[in-house]
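# using only what follows, build the 3D model:
(one chain, ligands or ions: 1)
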Amino acid sequence: MSEDIVHRKQLETSDMTFDFTSEIYNYTLVIIKDLCVRMANKPLQDLGMPSPNRIAAVSTCVELDGEQSYSASDLLSYVQNNISKLTSEQKDIYDTIMHCVDNNVGEIFFLDAPGGTGKTFVIKLILASIRSKNDIALAIASSGIAATLLPGGRTAHSALKLPLNLHSTETPTCNISKSSGMGKVLQQCKLIIWDECTMAHKKSLKALDQCLKDLRGKSKPFGST
Ligand SMILES: Nc1ncnc2c1ncn2[C@@H]1O[C@H](COP(=O)(O)OP(=O)(O)OP(=O)(O)O)[C@@H](O)[C@H]1O
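Numbering: from 1, shown residues only. Below is the predicted model:
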């Protein structure tokens with residue numbers, strides 16, 4: 001894993017002499033630790049491995065890296081190849097949303113249309129367009145199946161670290177701190193797509209609303225995202 005990270009850094013910095021360092025070792029441990037916590041809910045010490053130094057790895061965070069690891073040139077050619085295919089109605093939706101994204105206007109859109117009419121097609125183009133500029137567009141969905149249909153899609157529960165006892169909690173919150181990887185993603189993201197949001201419990205939307213207000217320091221709905 002650390003060899004992959006070194007290789008990626010060499011490509012990113014166009015410096016093929018970039019070599020293995022203690023920071024890379026630490027960063028690799030951070031990734032392994034996050035995977036272990038996510039998969040087995042166990043810290044590395046329980047698995048006989050050394051713990052990473054989170055503070056030293058503060059500039060390299062897994063979730064932020066993941067959201068910024070798209071190939072901008074591939075996405076740009078995807079946008080260029082597909083934008084002309086949009087119907088006039090799809091183009092209106094695309095333009096309206098991209099106008100808000102480009103001008104940092106916090107807005108909420110609800111996209112509803114019969115099945116097979118091209119909602120996902122438009123959403124994929126919007127995600128690609130934002131990511132092709134090296135900006136962050138977060139794609140989440142209420143169900144795992146819907147999440148697999150979006151590039152980089154994740155379930156809302158996993159991405160937003162929502163509590164499992166959502167129904168019985170009075171005011172559930174997203175378990176995301178400002179300094180965490182996901183905290184940084186939510187502070188920096190230009191757009192959040194939540195597919196099948198009507199299938200989610202209303203408390204999960206409220207939790208995201210409060211979380212974004214706190215993280216972004218803005219009182220507008222969803223922290224003006
Ligand atoms: N403007 C378009 N040009 C070419 N193909 C399109 C266009 N719009 C949609 N399609 C294609 O039509 C099919 C259905 O579109 P899509 O999956 O985006 O619909 P949807 O509204 O998201 O459906 P569902 O609600 O069932 O998920 C897909 O294969 C998609 O690539």
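
# list the contacts for the residue lying closest to Ser204 once chain neighbours are set aside?
Counting by CB to CB, 6 or more residues apart in numbering, Leu162 is the residue found nearest to Ser204 once chain neighbours are left out, at 5.3 Å. Every residue, glycine included, has its C-beta placed from N, CA and C. Neighbouring residues of Leu162 by CB atoms under 8 Å, 6 or more residues apart in numbering: Ala156, Pro172, Cys174, Asn175, Ser204, Ala207.

# most neighbours among the residues you listed, which one?
With neighbours set by other CB atoms under 10 Å, the maximum within the contacts of Leu162 is found at Ala156, which has 27 neighbours.

# does that one touch Ser143 like I think?
No. In this structure, Ala156 is not within contact of Ser143 by CB atoms under 8 Å, at 9.1 Å.

# neighbours of Leu44, just the number please.
If you count neighbours by other CB under 10 Å, Leu44 ends up with 17.

# can you give me phi and psi for Ala139?
phi -110, psi 120 (degrees, to the nearest 10).

# host element of the residue nearest to Ser204?
Secondary structure assigned from DSSP states H and E places Leu162 in neither a helix nor a strand.

# now it: how far from the ligand?
Relative to the ligand, Leu162 is positioned 23 Å away (CB to the nearest ligand atom, to the nearest Å).

# how about the strands in this protein?
137-141, 154-155, 191-195 (DSSP state E).

# any buried residues in the last one, and which?
Translated: strand 191-195. Leu191, Ile192, Ile193, Trp194, Asp195 (16 or more other CB atoms under 10 Å).

# quick one: the fourth one and Ala156 touch, right?
What that stands for is Trp194. Yes. Counting by CB under 8 Å, Trp194 touches Ala156, with 6.3 Å between them.

# what is in contact with those two at once?
Ile140, Ala141, Ser142, Ala200, Leu208.

# show me what the second one is bridged to.
For Ala141, the beta-bridge partners under DSSP bridges are Thr155, Asp195.

# just to revisit the earlier point, redo the shared contacts of Trp194 and Ala156 as CSV? Include distance to the ligand, neighbour count and pLDDT.
Output for the shared contacts of Trp194 and Ala156, formatted as CSV (distance: CB to the nearest ligand atom, whole Å; neighbours: other CB atoms under 10 Å; pLDDT from 0 to 100):
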residue, distance to the ligand, neighbour count, pLDDT
Ile140, 15, 24, 95
Ala141, 11, 23, 94
Ser142, 13, 19, 93
Ala200, 16, 23, 93
Leu208, 22, 26, 96
